[in-house]
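Engineer: Fold the following for me, if possible:
(2 chains)
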There are 2 protein chains.
Amino acid sequence: MPRIVDHEQRRRGIAKVVSGLVLKGGAEAVTIRAVAEECGYSTAIVCHYFRSKHEMLAYTQRMAWQRGLSRIRKASREGKDLLTCLDFALPTTSQRWQDWHCLFAFWGQTPDIKGIETEWRESSTTSYDLFIDLIAAAQGRGEFDPAEDPKEVATEVQAAINGIATLAAIQRPDWPASRQREMLRRQLVRLGYRPKSQTV
Amino acid sequence: MPRIVDHEQRRRGIAKVVSGLVLKGGAEAVTIRAVAEECGYSTAIVCHYFRSKHEMLAYTQRMAWQRGLSRIRKASREGKDLLTCLDFALPTTSQRWQDWHCLFAFWGQTPDIKGIETEWRESSTTSYDLFIDLIAAAQGRGEFDPAEDPKEVATEVQAAINGIATLAAIQRPDWPASRQREMLRRQLVRLGYRPKSQTV
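Structural biologist: Okay, here's the model as predicted:
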């Protein structure tokens, strides 16, 4: 296996451990030592992959939101409708719930960390760009009001998804997947979504 | 001054320090020792007011969301319209931005802490109940579509405010107060808001 792939796989493996530590003890449970112990590595090996605790957390939350966006892109390539695609951003599974939890922990880090505002921004602008594409594609399929500006709608969709996710994250038992999805559907309809296959 | 008031005032003072520590170093910067140093108290005195770090954080985030809700209640008593009231929930000032930051840090704590899910839930249900009252009052003033169910609308309003707050919190320069307010206004109009005093 090429070295570079191995390096990235190791980082992903470490990120998985970091995400578990955040869930079990908040961001403060993430220390080079705790991660090393959990991975069965020496601290020197962990430091080979990540120079700091912050770098580990930043990488881990990046994995978290990229996981959602990758799944959305895949659904889009498969020709799924807008709601089905966006549904993958919501905390509807244990994994996605953990991902969102990790995001909140990362947003709650101090803005004084060098570069953290750039990292915060990146998760937001990356999903914004993807959502613009999805809305435009939905308009192209006659599935969304063509009079709406995809950029404006994309921001609304981001706010809707984040809003649902915050409610679901802190009141998990009240927000089964079906309720999250239904709330997203209603908001998409308000914004101009006109799915062909069902009554809205 | 009665002892009980003094006790509560001390707790508030400590919460203010805790909130500052979260902003400067994330939730992990909050230790009994760091709080004591910052307050100029002994750790024994801090422990007299809060039995644990978690209790300090829980109290601090409670102050944060209660601050917003108090301001909303005051605006409502003064007869302000729905949008003006709800506007106080958004991170439109440095204080409110810090409050929201504190909430994210608290939501990113581990769900394994005893009682934390009850505390997460409480912030959400308290604002939910207040929002129901605000919608019903707005309907009474002919300021909101009477056909809408205030309970359903209240959940939508919570999601809208949280959604806007997440975007503003991680991309603060892009979200001046006016943009947050305008986004909230548009969503309220979609939900049935019909302000009398202006064109929507």
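Engineer: how about the residue nearest the centre of chain A, what does it touch?
Structural biologist: By C-alpha atoms, centre = their mean, the mean C-alpha position of chain A lies nearest to A:Trp65, the distance being 2.5 Å. Neighbouring residues of A:Trp65 by C-beta atoms under 8 Å, 6 or more residues apart in numbering or on different chains: A:99, A:103, A:123, A:126-127. Any C-beta I mention is one placed from the backbone N, CA and C, and that applies to glycine too.
Engineer: one more time with 7 Å
Structural biologist: A:103, A:123, A:127 (C-beta atoms under 7 Å, 6 or more residues apart in numbering or on different chains).
Engineer: Which element, helix or strand, includes the second one?
Structural biologist: In this case it means A:Ser123. helix A:116-140 (DSSP states H and E).
Engineer: and if you look at the first one?
Structural biologist: Under the criterion of DSSP H and E, A:Leu103 resides in helix A:94-107.
Engineer: tell me the mean pLDDT for that helix?
Structural biologist: Confidence for helix A:94-107, expressed as mean pLDDT, is 95.
Engineer: Over to stretch A:14-30?
Structural biologist: pLDDT averaged over stretch A:14-30 gives 95.
Engineer: hmm, it touching chain B?
Structural biologist: Yes. Judged by C-beta under 7 Å from any C-beta of the partner chain, stretch A:14-30 and chain B are in contact via A:23-28.
Engineer: What of stretch A:93-106?
Structural biologist: Yes. Looking at stretch A:93-106 against chain B by C-beta under 7 Å from any C-beta, the contacts come from A:101, A:104-105.
Engineer: What residues of that stretch count as buried?
Structural biologist: Residues of stretch A:93-106 classed as buried: A:96-106 (neighbour count, 16 or more other C-beta atoms under 10 Å in any protein chain shown).
Engineer: Check stretch A:164-180 too.
Structural biologist: A:164-172, A:175, A:180.
Engineer: Tell me where the model's unsure across chain A.
Structural biologist: Residue ranges of chain A with pLDDT under 70: A:1-2, A:4-5, A:197-200.
Engineer: which bits of it sit near chain B?
Structural biologist: A:23-28, A:101, A:104-105, A:107-110, A:112, A:120-121, A:124, A:158-160, A:162-164, A:166-167, A:169-171, A:183, A:190.
Engineer: Of those residues, grab the buried ones for ChimeraX.
Structural biologist: Here is the ChimeraX command that selects only those of these that count as buried (16+ other C-beta under 10 Å):
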select /A:23,25,26,27,28,101,104,105,107,108,109,110,120,121,124,158,159,160,162,163,164,166,167,169,170,171,183
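Engineer: In helices, which of the residues of chain A next to chain B fall?
Structural biologist: A:23-25, A:101, A:104-105, A:107, A:120-121, A:124, A:158-160, A:162-164, A:166-167, A:169-170, A:183, A:190 (DSSP state H).
Engineer: quick one on the thing from earlier: let me have the residues of stretch A:14-30 next to chain B in JSON lines, extended by distance to B:Ala75.
Structural biologist: Converted to JSON lines, those look like this (distance: C-beta to C-beta, whole Å):
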{"residue": "A:Leu23", "distance to B:Ala75": "38"}
{"residue": "A:Lys24", "distance to B:Ala75": "41"}
{"residue": "A:Gly25", "distance to B:Ala75": "39"}
{"residue": "A:Gly26", "distance to B:Ala75": "34"}
{"residue": "A:Ala27", "distance to B:Ala75": "35"}
{"residue": "A:Glu28", "distance to B:Ala75": "37"}
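Engineer: quick revisit: ok, the residues of stretch A:93-106 next to chain B vs B:Arg12, which is closest?
Structural biologist: Nearest to B:Arg12, judged by C-beta to C-beta, of these is A:Phe104 at 24.9 Å.
Engineer: Just the buried residues of stretch A:46-54, please?
Structural biologist: A:46, A:49-50, A:53-54.
Engineer: How about residues contacting it?
Structural biologist: Contacts for stretch A:46-54 (C-beta under 7 Å, 6+ apart): A:10-11, A:14, A:30-32, A:35-36, A:39, A:56, A:59, A:113.
Engineer: go with 6 Å
Structural biologist: Contacts with stretch A:46-54, where a contact means C-beta atoms under 6 Å, 6 or more residues apart in numbering or on different chains, come from A:10-11, A:14, A:30, A:32, A:35-36, A:56, A:113.
Engineer: A:Ser19: neighbour count?
Structural biologist: Using other C-beta atoms under 10 Å in any protein chain shown as the criterion, A:Ser19 is surrounded by 23 other residues.
Engineer: mind listing what it touches?
Structural biologist: Per C-beta under 6 Å, 6+ apart, neighbours of A:Ser19: A:60, A:102.
Engineer: Same check on A:Tyr59?
Structural biologist: A:Ala15.
Engineer: With A:Ala15 instead?
Structural biologist: A:Ala15 makes contacts with A:59-60, A:63, as judged by C-beta under 6 Å, 6+ apart.
Engineer: Kindly indicate which of these lies nearest chain B.
Structural biologist: A:Thr60 (12.1 Å; C-beta to the nearest C-beta).
Engineer: what's the burial count for that closest one?
Structural biologist: Using other C-beta under 10 Å, A:Thr60 is surrounded by 28 other residues.
Engineer: Just say helix, strand or coil for it.
Structural biologist: helix (DSSP: H, G, I helix; E, B strand; the rest coil).
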